[in-house]
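J.: sequence first, predicted coordinates after that:
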Amino acid sequence: MERGNRVEAATRTCRGPRAAIAAVGRMFAEDREVWPLWLPVFLGAGIAVYFGLSVEPPGWVGAVLFAAALAACIPLRRRFPAWLFPGIAAVALAAGFAAAQLRVALVDAPRLARSLAA
């Protein structure tokens, strides 16, 4: 059964949001072997979020986001296994953000004083 059909079938038979979340969590657990394939996607999304910002965030933001996501993900492993995949995704997203911020800080080229847009 395709993934979209499984989500629809799993949530259609659920009674309430908690049951739907549990069904989607079970589906994620069944697909555990493909989780590593999503890591580059979330790393790239974190990088895209950083470069999509209109202002430069303080230098500590990337490290704090990564540490907070990692600290939140550790207890998920045992208490809420259905939330482990979103936790890992958050860690990868924060790692991408922090990596982009670190790279910009290391390169630190001079900035233009005015906009070149016409």
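T.: Noted; the coordinates are in hand.

J.: show the contacting residues for the closest residue to F51 other than its chain neighbours.
T.: The shortest distance from F51 to any residue that is not its chain neighbour, by C-beta to C-beta, 6 or more residues apart in numbering, is 6.4 Å, and that residue is A100. Every residue, glycine included, has its C-beta placed from N, CA and C. Residues near A100 by C-beta atoms under 8 Å, 6 or more residues apart in numbering: 46-47, 50-51, 62.

J.: tell me which element A100 falls in.
T.: helix 84-107 (DSSP states H and E).

J.: and that helix, which residues are buried?
T.: For helix 84-107, the neighbour count (16 or more other C-beta atoms under 10 Å) marks 84-85, 87-101 as buried.

J.: mind checking how far it is from the chain centre?
T.: 8 Å (C-alpha atoms, centre = their mean, to the nearest Å).

J.: got the CA coordinates for that helix in CSV?
T.: What follows is helix 84-107, C-alpha atoms only, in CSV (Å, rounded to 0.1, in the frame of the first residue of the first chain):
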residue,chain,number,x,y,z
LEU,A,84,10.8,10.1,17.7
PHE,A,85,10.9,10.8,14.0
PRO,A,86,9.6,14.4,14.3
GLY,A,87,12.2,14.9,17.1
ILE,A,88,15.0,13.6,14.8
ALA,A,89,13.7,15.8,12.1
ALA,A,90,13.8,18.8,14.4
VAL,A,91,17.3,18.0,15.4
ALA,A,92,18.4,17.8,11.7
LEU,A,93,16.6,21.0,10.9
ALA,A,94,18.3,22.8,13.8
ALA,A,95,21.6,21.3,12.7
GLY,A,96,21.2,22.7,9.2
PHE,A,97,20.4,26.1,10.6
ALA,A,98,23.4,26.0,12.9
ALA,A,99,25.7,24.8,10.2
ALA,A,100,24.6,27.6,7.8
GLN,A,101,25.0,30.2,10.6
LEU,A,102,28.5,28.8,11.5
ARG,A,103,29.6,28.8,7.8
VAL,A,104,28.4,32.5,7.4
ALA,A,105,30.3,33.5,10.5
LEU,A,106,33.5,31.7,9.3
VAL,A,107,33.4,33.3,5.9
